[in-house]
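*Asks:* this one's sequence-less:
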């Protein structure tokens, strides 16, 4: 690394300057959960005593998140620390000495990181009435089953 560069920016596995791939993954998981909860970077930062700029750097992977901060983020985002490492790509799992596959991997991009999914989840969680949310959940399941050729609709 060139002198004067931020010490938090780590070299990638191949030696190039830039954020470490695992730090980028952890930051992306933090951003995903924050977005699903509908809170801003400023709100998250205030809950853990940081500025929104620091949250931005963590979410990009530019700054490495310490264990104590990861614990605070887990508390603020209501997830276990392990959440930040879920769906870690196989090559990064192997780099950490873990098996490449967890047995449940699917092909293609993770639907949980699509904007459409995030917007749907935010709208769903704005519905206050639990019975309306349940009906919507049942409707989505019925439509998905119908699109799979398994028409099964339970109307009460």
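*Replies:* That came in fine, so what should we check first? Just so it is clear, the structure is predicted and the values come from calculations on it, not from any experiment.
*Asks:* can you report how many residues lie near the residue lying closest to residue 79 once chain neighbours are set aside?
*Replies:* The shortest distance from residue 79 to any non-neighbouring residue, by CB to CB, 6 or more residues apart in numbering, is to residue 33 (5.8 Å). Heads up, the C-betas are built off the backbone N, CA and C, glycines and all. Using other CB atoms under 10 Å, residue 33 has 20 neighbouring residues.
*Asks:* residue 33: which element?
*Replies:* Assessed by DSSP states H and E, residue 33 sits inside helix 21-37.
*Asks:* try residue 74
*Replies:* helix 67-77.
*Asks:* list the contacts of that helix.
*Replies:* For helix 67-77, the surrounding residues in contact (CB atoms under 8 Å, 6 or more residues apart in numbering) are 26, 30, 33-34, 37, 44, 47-48, 58, 65, 80-81, 83-84.
*Asks:* over to residue 117: give its phi and psi.
*Replies:* Backbone geometry at residue 117, expressed as degrees, to the nearest 10, gives phi -70, psi -40.
*Asks:* ugh, wrong one, residue 38
*Replies:* phi 70, psi 30.
*Asks:* report the contact partners of the residue nearest to it when sequence neighbours are not counted.
*Replies:* Using CB to CB, 6+ apart and skipping the chain neighbours, the partner closest in space to residue 38 is residue 122 (5.1 Å). Neighbour list for residue 122: 35-36, 38 [criterion: CB under 8 Å, 6+ apart].
*Asks:* between the residues you listed, which has the most around it?
*Replies:* Highest neighbour count within the contacts of residue 122: residue 35, with 19 neighbours (other CB under 10 Å).
*Asks:* state the number of residues packed around the closest residue to it other than its chain neighbours.
*Replies:* The shortest distance from residue 35 to any non-neighbouring residue, by CB to CB, 6+ apart, is to residue 118 (5.2 Å). If you count neighbours by other CB under 10 Å, residue 118 ends up with 15.
*Asks:* make a markdown table from the contacts of residue 122 and add distance to residue 129 and pLDDT to it.
*Replies:* Below are the contacts of residue 122 laid out as a markdown table (distance: CB to CB, whole Å; pLDDT from 0 to 100):
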| residue | distance to residue 129 | pLDDT |
| --- | --- | --- |
| 35 | 23 | 88 |
| 36 | 20 | 85 |
| 38 | 18 | 85 |
